[in-house]
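Engineer: Everything below, folded, please.
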Amino acid sequence: MDGRSMLRFSRRVTFALAALAIAIPAIAGRADADIYWSTNNAPGQATVSKADVTSTANPIPVTPLFGGLVGASAMAVDATYVYWASPNAIWRAPLTGGSVPQEPFITGVFNANALAVDRVNQYVYWADTNSGYIGRAPLVQNAVAQPRYFSTLGVASGLAIDYAHGYLYWTQPSNRLIGRIPLAGGTPNLTYLTGLLGAQGITVDSTYLYWANGPLTIGRAPLDGSSAPDPDFVSGAQVAHRSSAPTYAPTGLAVDNSYIYWANHMAFTIGRAPITGGSANINNKFIYTLVDPTAIALDVPKLTSPGPLPPAPPVQIAPLELGVQSLALPHGLERALLAKLDAGQEALDAGDLDGACARLQAYINQVDAQSGKKIYSASADGLIAHATAVANSLRCDLE
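Structural biologist: Numbering: from 1, shown residues only. Here you go, the predicted model:
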């Protein structure tokens, strides 16, 4: 498959996945309008706080909810609870505040860099800075976690759930891209949006995807792929990190019907800008958090269940080629890997499952042989993990 054919195919895959929609009621106006944020300034000093975004006070009053936490590097909310991550655990407590729970909600999740709660399908997702994987667990106390649900070929810095079209999105800052995977399961699209100026935080509303480009811009793209992304949708938003922060450090983003909000790591504030974009009426010091905010989230109304998710899309091998192409490998190695995947897809299209599995096995073997040589070990692990997930979905008997 040549480059032009691959581009056409990847577009077909992208638009086919986008067509899988989850019908849910529109979000009505909230009776309240609180924004939540976490801080992770030192072990035993992390906090979760909130403020009313409709307040006209200056400065806006801040309500501490939980303090003295072991960590709160990542945070998310649903209609009832606030969730935050500390090393090796995710915690949960009522939005109304109170005492810190005595036991974590879910353990064994390593070091969560970002959280997202699927309140409809009842899962919590996290990005792990230790492994470069996204994990998940059911929203049940002490549920068994899947710490390696899938690899993002690098540490993700933000997660967001799109109920309107049925996807989990993530930002991958080291490669300046955004990926996504259907909430119903299936093969991740590792390179849904590429060539971004930056990719730190991420959020969605019913129509658009927003991300922190940095250092002063927030990008926007339509969820249905109907037009090109706008990398400078908001200009003047201080979404940059201090130079000492790791490249995967997240920038919290949130959106409602009127404004986009972000964590301002330079001024220790939460900023906001009108949902219409541009450079006017930007307030980089909307709420003073006093300590560097690590994540932000808006409260949401309870949603009526939309019923069962649409069926997972058919398992495909060809999307694995996008991961190979994103690594800028030596041309000979790239061609050899793509040829194996292309042959595997052709076998799958022809109904030759054994042939497809054999090509996947050959692809995995070659990636493994080049791990630590012509392919960085972490990248090779990600390629193998994705190929293994596809093979398992096809019920291949791998060696």
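
Engineer: Three-state assignment for A347, please.
Structural biologist: helix (DSSP: H, G, I helix; E, B strand; the rest coil).

Engineer: how many neighbours does it have?
Structural biologist: 19 (other Cβ atoms under 10 Å). The way it works is simple: take the backbone N, C-alpha and C, and place the C-beta from them, glycine included.

Engineer: Just to check, it is in contact with Q361?
Structural biologist: No - A347 lies out of contact with Q361 (Cβ atoms under 8 Å); the separation is 12.0 Å.

Engineer: Any regions of this structure where pLDDT drops low?
Structural biologist: Counting by pLDDT under 70, the chain has low-confidence residues at 1-32, 300-313, 378.

Engineer: so where do the helices sit in it?
Structural biologist: 3-18, 320-325, 331-349, 353-370, 377-393 (DSSP state H).

Engineer: which one of those helices is the most hemmed in?
Structural biologist: helix 320-325 (a mean of 23; mean count of other Cβ atoms under 10 Å).

Engineer: same for it, what does it pack against?
Structural biologist: helix 3-18, strand 189-193, helix 331-349, helix 377-393 (3 or more Cβ pairs under 8 Å, 6 or more residues apart in numbering; DSSP states H and E).

Engineer: which one is A385 nearest to, not counting chain neighbours?
Structural biologist: S151 (4.4 Å; Cβ to Cβ, 6 or more residues apart in numbering).

Engineer: I'd like to know which of the helices and strands packed on helix 320-325 lies nearest to I218.
Structural biologist: Closest to I218 of these is strand 189-193 (Cβ to Cβ; 13.8 Å).

Engineer: quick one: buried residues of the closest one?
Structural biologist: Using 16 or more other Cβ atoms under 10 Å as the burial criterion, the residues of strand 189-193 that qualify are 189-193.

Engineer: now stretch 50-65
Structural biologist: When burial is assessed from 16+ other Cβ under 10 Å, stretch 50-65 yields the following buried residues: 50-53, 60, 62, 65.

Engineer: So what's the residue count around G277?
Structural biologist: 18.

Engineer: Quick check: it vs Y210, distance?
Structural biologist: According to Cβ to Cβ, to the nearest Å, G277 and Y210 sit 10 Å apart.

Engineer: Same question for Q361.
Structural biologist: Per Cβ to Cβ, Q361 is found 40 Å from Y210.

Engineer: for the buried residues of stretch 50-65, which one is nearest A254?
Structural biologist: Of the buried residues of stretch 50-65, the one sitting nearest to A254 (Cβ to Cβ) turns out to be V53, at 9.4 Å.

Engineer: Give me the nearest residue to A228, chain neighbours excluded.
Structural biologist: Leaving aside its sequence neighbours, A228 sits nearest to A221 (Cβ to Cβ, 6+ apart; 7.7 Å).

Engineer: In the sheet, which residues pair with that neighbour? Tell me.
Structural biologist: Residues found in beta-bridge contact with A221 (criterion: DSSP bridges) are L209.

Engineer: I'd assumed N213 was in contact with it.
Structural biologist: No - taking contacts as Cβ under 8 Å, A221 lies outside contact range of N213: 11.5 Å.

Engineer: Which one's more surrounded, those two?
Structural biologist: N213 (25 against 22).

Engineer: residues touching the more buried one, list them.
Structural biologist: Residues in contact with N213 (Cβ atoms under 8 Å, 6 or more residues apart in numbering) are 196-200, 219, 231-232, 239.
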